[in-house]
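Curious how this folds, go ahead:
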Amino acid sequence: MKRLALILLTCIVSVSFAQEDGKAQKLAMKKANGYVYEGNSLIHDDDFVSGEMAYRQAISKQPNTMAGIYNLGNAYYKKGNLEEALYRHEQAAKSTTSKSEKHKAYHNIGNILMQNKKCKEAVEAFKNALRNNPSDDETRYNLGIAKACAEQQKDQQDQNKDDENKDQNKDQDDKDKKENEDKKDKEGDDKEDKKDPKDKGDEDKKEGDDEKDDEGKPKDDKKDKDGKGKEDDKKKEQQKPKPRPGQMSPQQIKNLLEAMNNQEQKVQEKMNKAKEKGVKIKTEKDW
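Next comes the predicted model:
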């Protein structure tokens, strides 16, 4: 009997605590909604700072309330703080089980991602929004735009990747070409350094000998001298009077006069001898 009374007492106390807890939750929800309304009014009046504080008080009274988190996210979005807006809307999507509230949160997440040029991620956000509300034409329209943007970004990334690969290949080709040229230059220098100094001397000597003739004189000088001498001889030859047909040249006349003088001297000597001996000698010309 006592045991039954104890059980009944425990049940009465539990119900009492549950009722008190329910009242506290309702009171907290009421206060949270009041702060949300206050925040909406302040944001409408362009008082962002006071509106933000009101939304934060609503969240502190009811951490999982969708209204406070969602409206705070919208306030950040309008203010241009996309990073904080995205965080709050993602938080709102996780904190509610309502399909309608999830749809709104994911729709706004998609819009924020589009603003951040993250088109591929925005596609997934709009898809999640349509899963919770397939009849929303605005979300479907935004999804189409996000898909086109994502495809364009993918093509651009592929093009950039191809250009990067081409630049890398060109840089590598230029590097290989330069290395080959440097290697050839080094091999040429090594080959030149390995030559016997004696061979180098012979080469220099050979080059010097090629510039001299058999007499050891510079070929150019001899060439100039020979050429000039031959030219002078040619001029002298042209200046000499050429004998005409049937006439004797000056040299022939000179030789003839010398022969006559010699012959006359011989004749005179014979005559002198004949006088000495008293014999008469007949003179004749033998030329």
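
what about dumping the CA coordinates of stretch 112-127 to CSV?
Written as CSV, here are the backbone C-alpha positions of stretch 112-127 (Å, rounded to 0.1, in the frame of the first residue of the first chain):
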residue,chain,number,x,y,z
ILE,A,112,24.5,33.5,-51.3
LEU,A,113,26.7,30.9,-53.0
MET,A,114,25.9,32.5,-56.4
GLN,A,115,26.9,35.8,-55.0
ASN,A,116,30.2,34.2,-54.0
LYS,A,117,30.7,32.8,-57.5
LYS,A,118,30.4,29.2,-56.2
CYS,A,119,28.0,28.0,-58.9
LYS,A,120,28.5,24.3,-58.4
GLU,A,121,27.7,24.5,-54.7
ALA,A,122,24.7,26.7,-55.4
VAL,A,123,23.3,24.0,-57.7
GLU,A,124,23.3,21.5,-54.8
ALA,A,125,21.6,24.1,-52.5
PHE,A,126,18.8,24.8,-54.9
LYS,A,127,18.3,21.1,-55.4
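
what about Met29, neighbour count?
Neighbour count of Met29, defined by other C-beta atoms under 10 Å: 15. For the C-beta atoms, the positions are set from N, CA and C on the backbone; glycine is no exception.

ok, and it, which helix or strand is that part of?
In the assignment (DSSP states H and E), Met29 maps to helix 2-44.

Quick one: mean pLDDT for stretch 90-105?
If you average the pLDDT over stretch 90-105, you get 94.

An error on my part: the question was meant for stretch 116-132.
96.

Repeat that for stretch 50-61.
Averaging pLDDT along stretch 50-61 gives 92.

does Ser135 sit in a helix or strand, and which one?
Under DSSP H and E, no helix or strand contains Ser135.

Need the pLDDT of it.
Looking at Ser135, its pLDDT stands at 95.

Ok, Lys270 next?
Reading off the model, Lys270 has pLDDT 70.

how about the helices of this structure, start to end?
For the chain, applying DSSP state H gives helices covering 2-44, 48-61, 66-79, 82-95, 99-115, 119-132, 137-193, 197-210, 219-239, 250-277.

same for the longest one, what does it pack against?
In other words, helix 137-193. helix 99-115, helix 119-132 (3 or more C-beta pairs under 8 Å, 6 or more residues apart in numbering; DSSP states H and E).

and those as JSON lines, adding mean neighbour count and distance to Asn40?
Below are the helices and strands packed on helix 137-193 laid out as JSON lines (neighbours: other C-beta atoms under 10 Å; distance: least, C-beta to C-beta, whole Å):
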{"stretch": "helix 99-115", "mean neighbour count": "21", "distance to Asn40": "15"}
{"stretch": "helix 119-132", "mean neighbour count": "20", "distance to Asn40": "23"}
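
Nearest to Ala24 among the ones you listed would be which one?
Ala24 lies closest, by C-beta to C-beta, to one member of the helices and strands packed on helix 137-193: helix 99-115, at 23.4 Å.

got the contact list for that closest one?
Helix 99-115 has contacts (C-beta atoms under 8 Å, 6 or more residues apart in numbering) with 66, 70, 73-74, 77, 82, 85-86, 89-90, 92-93, 96, 119, 121-123, 125-126, 128-130, 132-133, 136, 138-139, 142-143, 145-146, 149.

can you do 7 Å?
66, 70, 73, 77, 82, 85-86, 89-90, 92-93, 96, 121-122, 125-126, 128-129, 132-133, 136, 139, 142, 146 (C-beta atoms under 7 Å, 6 or more residues apart in numbering).

Return a PyMOL selection command for the buried portion of these.
Applying 16 or more other C-beta atoms under 10 Å to these, the buried members can be selected in PyMOL as follows:
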select buried, resi 66+70+73+77+85+86+89+90+92+93+96+121+122+125+126+128+129+132+136+139+142+146
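
quick one: Asn160 and Glu258, what's the gap?
111 Å (C-beta to C-beta, to the nearest Å).

Over to Arg88?
Note on Arg88: its distance to Glu258, by C-beta to C-beta, is 142 Å.

what mean pLDDT does the helix holding Met29 have?
Helix 2-44 comes out at a mean pLDDT of 71.

Over to stretch 156-170?
Rounded mean pLDDT across stretch 156-170 is 83.

can I get the CA coordinates of that stretch in PDB?
Extracted C-alpha coordinates of stretch 156-170, given in PDB (Å, rounded to 0.1, in the frame of the first residue of the first chain):
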ATOM      1  CA  GLN A 156      37.000  28.100 -68.000                       C
ATOM      2  CA  GLN A 157      38.800  25.900 -65.500                       C
ATOM      3  CA  ASP A 158      39.600  23.300 -68.200                       C
ATOM      4  CA  GLN A 159      40.800  26.000 -70.500                       C
ATOM      5  CA  ASN A 160      43.000  27.500 -67.800                       C
ATOM      6  CA  LYS A 161      44.400  24.000 -67.000                       C
ATOM      7  CA  ASP A 162      45.200  23.400 -70.700                       C
ATOM      8  CA  ASP A 163      46.900  26.800 -71.000                       C
ATOM      9  CA  GLU A 164      48.900  26.100 -67.800                       C
ATOM     10  CA  ASN A 165      50.000  22.700 -69.200                       C
ATOM     11  CA  LYS A 166      51.000  24.300 -72.500                       C
ATOM     12  CA  ASP A 167      53.000  26.900 -70.600                       C
ATOM     13  CA  GLN A 168      54.700  24.300 -68.500                       C
ATOM     14  CA  ASN A 169      55.500  22.200 -71.600                       C
ATOM     15  CA  LYS A 170      56.900  25.300 -73.300                       C
END
